[in-house]
Structure formats: structure tokens, C-alpha cells
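Student: Dropping a prediction and its sequence here:
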Amino acid sequence: MSKDFGRPPLARQNQTLVEQRLKEAVGAGGLRETLTVEWRTKPLHVEVIDMPVDSLYYNPGTHRIRAQRSHDPAQDLRLDEDPWGPESQDYLHLLLMALPADPTKKDPEFENLADSLRDYRQNEPGLITRDGILVNGNTRRAALKELGVANIRVGVLPESCTWDDINAVELSLQLRPDQRRIYSYINRLLAIEEQHLLGRSVADIAREFRIRPSTCEQDLWILSCLRDLIDRSKDADAQLRLLDFEQHQEKLRELHRRYVKEVAVNRENAELLKESRLAAIVLGFSKTDVRLIEPDFRARYLEQKLPASLKPDAPVTTAVSIPGLGRTVRSAAPKVAEAKALTDAVLKAKAVGAAEDGKLTERGTAAAKAFSLVRDAVEAALEPAGKDARVRKRKQAAPDRITDACQDIEQCVTDLTLAKGSNSLDEEAFDEAVLALRQSMTRLAIAAQRSIKAPGDGVSWLLDAVRQEGA
């Protein structure tokens with residue numbers, strides 16, 4: 001069930017005005033404007049009318065800024081307690097104009113929307129309940145309010161509209177392919193989670209969000225990881241927020257893909273990989289840097305770079321009992337526990353730094369110093385890791401090209417068979433290509449002889465074949 005925020009103070013006045021304007025629209029004759037929405041799984045055509053901008057209310061449950069609400073915890077709490085009050089509505093107005101990743105800044109997309117409304121007026125109508133709650137068009141109303149426009153065109157939902165209907169219709173409209181201003185990354189994750197908690201299947205959610213079921217599962221896994229990180233970041237009154245991860249979409253998705261691949265082979269290595277990469281993401285490293293982190297990154301590169309003060313004592317591995325079964329299992333392996341401890345230190349330092357907001361307090365200074373020390377150590381460890389990755393890539397380049405060439409030759413065999421059946425082979429061109437292949441094989445054999453000191457069966461065959469050719 002969706003949260004019920006109740007009815008706003010001007011609900012009755014808005015209902016009266018809506019009814020009056022709907023009657024006027026019907027009585028005016030001529031072509032009436034309508035808006036098609038998905039209403040309880042079926043298309044519904046609703047009438048469009050003009051409503052005063054100042055009479056309408058922002059939807060406190062809108063998915064568009066759900067993650068950003070935590071920007072100001074006090075205002076967020078007030079929104080739950082008094083969603084229709086002037087302060088709460090003003091806070092929603094501020095968030096609708098703000099950059100999702102940093103609500104202290106105005107979103108350029110909002111400014112573009114305001115410019116468009118100023119120059120071309122409103123192209124698409126919004127959508128309201130009869131109480132005057134905006135189901136769709138919250139951002140447009142904010143822009144019109146900033147421009148000082150008196151009225152907004154809106155479709156009107158049926159009288160029986162509930163909060164479940166409001167959430168369902170909002171999602172269906174926002175997920176249309178032609179929707180210009182999409183949800184931010186974290187708000188999209190929250191919308192998917194909301195549908196999952198309502199008991200809908202992954203396949204059903206994926207279909208509505210126009211994504212693959214595997215992508216839906218990936219998004220749920222990522223959100224679960226982020227919630228775990230937020231819980232682990234708590235230090236007294238300081239704690240990270242979901243919106244702090246708005247700009248890490250690709251890094252988190254790559255982490256999931258790599259984790260799934262690794263966990264199929266070794267769960268402990270997968271956990272080491274996850275913890276090390278999450279720490280690097282929180283530290284603000286780029287996607288290309290995060291890719292260099294493999295399960296052995298800490299043991300092979302980072303351990304010797306970490307100052308002694310940043311090396312947590314490995315927790316004692318103890319047995320954890322399973323209630324009701326009378327059995328015990330091992331707790332986290334020592335290496336994983338060490339990696340988690342370092343990630344926790346990074347999370348808490350980041351949270352405290354954000355809470356202190358640059359204040360020269362002892363706590364803030366200590367957090368900034370710890371964060372900087374870890375970042376410097378990881379940056380120093382990434383340098384040899386990058387060099388080794390480039391060496392591995394160079395070592396694998398030649399074998400990969402041979403493999404690709406083999407695949408091309410296999411395809412050539414198939415093409416020859418097909419050409420024979422249709423009598424369409426250009427024999428002269430094929431002969432020239434084979435001669436070019438002989439020359440390439442000769443050069444390959446010479447290079448292999450110079451480069452490989454102890455040739456195996458494959459290289460020995462190549463060298464013998466070229467010798468016989470030259471004899």
C-alpha cells in the first residue's frame with residue numbers, strides 16, 4: 001500500500017473549482033482537449049482544464065525527488081508530519097528546481113524547461129486529482145511559478161482516485177518513452193524497489209520500466225548495497241544519504257556485473273572485490289580506476305601503501321549459530337573483515353566530513369585527514385595495478401589476435417562451402433588472399449622464432465611448416 005498523505009487544506013475549494021471548469025469545458029462545445037492515462041490497467045481519456053498555479057499542491061510522495069528529500073533531515077521529517085504546510089511545499093519546490101546529485105545547485109535541465117515554457121508556453125498538460133494534488137507536472141508547475149504564470153493546463157483524474165492510483169499513474173506517465181525529463185538514477189531505483197515491495201514480480205516490473213529482468217535484479221541488488229553502505233556510514237549524527245551516490249550509476253553497474261562473475265567461482269574473492277571497489281567509489285575514483293581493482297588488490301598493492309593507523313586489526317573469526325537448527329557456520333573470513341573495516345572507515349569519514357561541512361572542528365579535521373590518507377594510499381596502489389593491467393593486456397594481445405584469425409578462417413570455410421553450392425566463388429581473388437596469408441604466416445613464424453625461447457607444440461608446428469615451405 002502507498003502512503004496516505006491525507007487531503008490538503010484547499011481540497012474542497014479545489015474540488016468546487018474543478019467541477020465548475022469541467023462543466024464549462026463540456027458546455028463550451030467544439031473540440032475539447034483530453035489526456036490519455038493508464039487507469040487501473042486500462043486507457044482512460046480525462047478532460048483538460050486550466051487551474052490556478054497557486055491553488056495546486058506538489059505531491060509529497062512523488063518519485064522524482066524521493067532520494068533528494070534527505071538533503072535536509074529536518075525538512076524531510078516535516079514533510080512526513082505536515083506535507084501540505086507552506087514550509088513543506090516550499091521545500092518540495094526547492095528540490096524540484098535542484099540538481100539531483102547536489103540539491104544546493106539549480107538543475108540546468110530545470111532552467112531549460114523554464115526557458116521552453118517562457119518561449120513556447122505549455123506543450124503538454126499536467127495531471128491532478130480533484131483535490132488539486134499534482135500527479136504529473138510537479139516540475140512544470142515549479143517552473144511556471146518561478147515565471148509568474150497564473151494558470152497551468154491539467155488533466156483531471158476521477159473522483160475515486162486513491163494514493164495507490166496516484167503512484168501508479170505517475171509511474172506509468174514517467175516511464176513513457178517520450179517522457180523528456182526522466183527520473184534521476186537513485187529515484188528510479190527507489191521506484192523499482194517500491195513496486196517490488198508491493199509484491200509485483202521482477203518480470204512484471206521490468207516490463208513496466210522497459211528494462212530486462214536481469215537489469216531489474218541488478219538495480220535491486222545495487223539499492224540493497226547502497227542501503228547497507230548508508231547503515232555502515234552512521235557515526236553519531238553523521239550519515240551518508242542515497243543521493244550521495246547519484247553520479248555513480250555506471251560504476252555500480254560494472255561492480256554488479258563483475259561481482260556476479262566472481263561469485264560463481266569464489267564467494268570470498270567476490271566479497272573482497274565488492275568491498276574494495278565500493279571503497280574506491282566512495283573515495284571518488286573514476287570508472288577506469290575502479291576497473292583496475294580485482295580481488296587481490298588489497299593484498300597485492302594496497303597493503304604496503306596503507307599507513308599503520310589505517311590497518312585495522314583482523315577480527316577474530318568466530319562461529320555464528322543458526323537459530324533453530326543447532327548448527328554453526330563461520331563468520332566473515334579475516335581478509336573480508338579487514339576489507340569491510342577499511343570501507344567502514346571511509347564511509348564514516350565521508351559522512352562526518354559532509355556533516356561538518358568544512359568546519360574546522362576536531363572531529364571534522366580528523367575525518368578529513370583519515371579520508372585523505374586512505375585516498376592517497378589507494379591512489380598510490382592503483383599506479384602499479386594499472387601498470388600490471390597494461391602488461392597483462394599486452395601479453396594477451398598476440399594470442400587474442402590469433403584466436404580472432406582462427407574464427408575468421410572457420411567462417412571462411414563455411415563461406416567456401418556456400419560459394420561452391422552457388423558457384424559464386426571468385427577463385428582468383430581467393431588465390432591472392434591465400435598468398436597474402438602465406439606471407440603473413442612466414443612473418444609470424446620469424447617473429448615467433450625471435451620472441452619465444454622455448455616453443456611449444458603450436459609454435460614448433462608453425463616453424464616446421466615455414467621451413468618446409470622454404471625448402
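Tutor: Received, thanks.
Student: all strands for this structure, in order.
Tutor: For the chain, the strands defined by DSSP state E cover 34-39, 42-52, 98-99, 102-106, 126-128, 134-136, 151-156, 319-322, 327-330.
Student: Would you format the ones you listed as JSON lines with distance to Lys420 and mean neighbour count included?
Tutor: Quick note: C-beta positions are derived from backbone N, CA and C, even for glycine. Supplementary listing: the strands of the chain in JSON lines, determined by distance: least, C-beta to C-beta, whole Å; neighbours: other C-beta atoms under 10 Å:
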{"stretch": "strand 34-39", "distance to Lys420": "56", "mean neighbour count": "16"}
{"stretch": "strand 42-52", "distance to Lys420": "56", "mean neighbour count": "15"}
{"stretch": "strand 98-99", "distance to Lys420": "63", "mean neighbour count": "18"}
{"stretch": "strand 102-106", "distance to Lys420": "65", "mean neighbour count": "14"}
{"stretch": "strand 126-128", "distance to Lys420": "65", "mean neighbour count": "25"}
{"stretch": "strand 134-136", "distance to Lys420": "62", "mean neighbour count": "25"}
{"stretch": "strand 151-156", "distance to Lys420": "65", "mean neighbour count": "22"}
{"stretch": "strand 319-322", "distance to Lys420": "66", "mean neighbour count": "10"}
{"stretch": "strand 327-330", "distance to Lys420": "63", "mean neighbour count": "10"}
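Student: mean pLDDT for those: which is lowest?
Tutor: Comparing mean pLDDT across the strands of the chain, the weakest is strand 319-322, with a mean of 54.
Student: hang on, the earlier thing: dump the strands of the chain into TSV; add distance to Ala337 as well.
Tutor: Below are the strands of the chain laid out as TSV (distance: least, C-beta to C-beta, whole Å):
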stretch	distance to Ala337
strand 34-39	49
strand 42-52	54
strand 98-99	37
strand 102-106	34
strand 126-128	51
strand 134-136	48
strand 151-156	55
strand 319-322	13
strand 327-330	11
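Student: So for Ala366, which of the ones you listed sits nearest?
Tutor: Ranking the strands of the chain by proximity to Ala366 (C-beta to C-beta) places strand 102-106 first, at 24.6 Å.
Student: helices and strands around that closest one, which ones?
Tutor: Here strand 102-106 touches helix 86-97, strand 98-99, going by 3 or more C-beta pairs under 8 Å, 6 or more residues apart in numbering; DSSP states H and E.
Student: quick one on the thing from earlier: tell me which of the strands of the chain lies nearest to Lys23.
Tutor: Closest to Lys23 of the strands of the chain is strand 42-52 (C-beta to C-beta; 9.9 Å).
Student: what's that closest one in contact with?
Tutor: With contact meaning C-beta atoms under 8 Å, 6 or more residues apart in numbering, strand 42-52 is reached by 14, 17-18, 21-22, 24-26, 32-38, 125, 127-128, 132, 150-158.
Student: change it to 7 Å
Tutor: With contact meaning C-beta atoms under 7 Å, 6 or more residues apart in numbering, strand 42-52 is reached by 21-22, 25, 32-37, 125, 128, 150-157.
Student: what about Asp408, distance to Thr414?
Tutor: Asp408 sits 11 Å away from Thr414, going by C-beta to C-beta, to the nearest Å.
Student: mind checking how far the residue lying closest to Leu113 once chain neighbours are set aside is from Phe297?
Tutor: Nearest non-adjacent residue to Leu113, counting by C-beta to C-beta, 6 or more residues apart in numbering: Ala143, 5.1 Å away. Going from Ala143 to Phe297 by C-beta to C-beta gives 46 Å.
Student: Show me the shaky parts of the stretch 101-250 of the chain.
Tutor: Applying pLDDT under 70 to the stretch 101-250 of the chain flags residues 177-181.
Student: Much appreciated, bye for now.
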